[in-house]
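Undergrad: show me the folded form of this:
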Amino acid sequence: MRIVKKIGQFTTFFENIRQYPDKFFEYYRMWISSFDELLKTLRPHITKNTTEFRNPISAEERLTITLRYLSTGTCFAVLKFDFCVGRITIGVIVKDTCKVIWSTLNSKEMPKPTKEDWVEISNILYTKTNFPNCLGAIDNKHIRCRNPNNSGSFYFNYKKFFSIVLMAIVDANLNFVVIDVGSYGREGDSNVFKECAYCIW
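TA: Numbers count the residues shown, from 1 in each chain. Have a look, this model is predicted:
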């Protein structure tokens, strides 16, 4: 079955939903001002050139596809019907846009903490929770993945599926301070913590 995309279909939807801020937030999981700010930063990196053979997918639609994937966890096979874009194309868009988001915003939104940053985080946590010498709250999440070729059971976790581990530390204001991604799913929390960037510092 071939999916036919009507010209301007996404543009019409995008213009309509912007007229309803609450619905925009419900769909995008962010306010219009935040979306516009993010788009302004990413646009030069995710805009593709128009050629004789194609009209590229707009930066707005590329970012929308990526945000829907990240916020809902919906698989590419479902998103292709929502956006009338091929499943493989959606995979490429999500991968490329995520790389741009990380490379563009990493140093600005989550810079490497300094000694002064840690002291400030500790002081705020002590004020709010009465826990002395606490540098943040830590937890991890198993991100489901396909078992890589020739990896044996490295990625098979105690929840009985294949995963990689994302470990994160947040401050008293629930802002991410440090993240570490990529440990084998079979690793226990203590081993992931021991090897993460937080401990290396």
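
Undergrad: report the buried residues of the helix or strand containing residue 24.
TA: Assessed by DSSP states H and E, residue 24 sits inside helix 21-28. Across helix 21-28, burial judged by 16 or more other C-beta atoms under 10 Å covers 24, 27-28. Every C-beta, even on glycine, is put in place using the N, C-alpha and C of the backbone.

Undergrad: so what's the gap between it and the chain middle?
TA: How far helix 21-28 lies from its chain's middle: 18 Å, per C-alpha atoms, centre = their mean, to the nearest Å.

Undergrad: show me what it is in contact with.
TA: Applying C-beta atoms under 8 Å, 6 or more residues apart in numbering, the contact partners of helix 21-28 are 17-18, 31-32, 35, 64, 67-68, 71.

Undergrad: which of these has the most neighbours?
TA: residue 64 (24 neighbours; other C-beta atoms under 10 Å).

Undergrad: which residues of this structure fall in helices?
TA: Taking DSSP state H as the criterion, the chain contains helices spanning 9-17, 21-28, 32-46, 59-72, 76-83, 87-109, 115-129, 189-195, 197-200.

Undergrad: for this protein, what are the low-confidence residue spans?
TA: By pLDDT under 70, the low-scoring segments of the chain are 1-8, 197-201.

Undergrad: which residue of it lies farthest from its centroid?
TA: Computed with C-alpha atoms, centre = their mean, the residue of the chain farthest from its C-alpha average is residue 52, at 33.3 Å.

Undergrad: quick one: residues contacting that residue.
TA: Contacts for residue 52 (C-beta under 8 Å, 6+ apart) come out as none.

Undergrad: same check on residue 183?
TA: The contact partners of residue 183, by C-beta under 8 Å, 6+ apart, come to 164-165, 167, 191-192, 195-196.

Undergrad: tell me which two of the contacts of helix 21-28 sit farthest apart.
TA: Spatial extent of the contacts of helix 21-28 (C-beta to C-beta) is set by the pair 18 and 71 at 17.5 Å.

Undergrad: separation between the closest residue to residue 137 other than its chain neighbours and residue 72?
TA: Nearest non-adjacent residue to residue 137, counting by C-beta to C-beta, 6 or more residues apart in numbering: residue 170, 5.3 Å away. Distance, residue 170 to residue 72, by C-beta to C-beta, to the nearest Å: 22 Å.

Undergrad: that's all I had, so thanks and see you.
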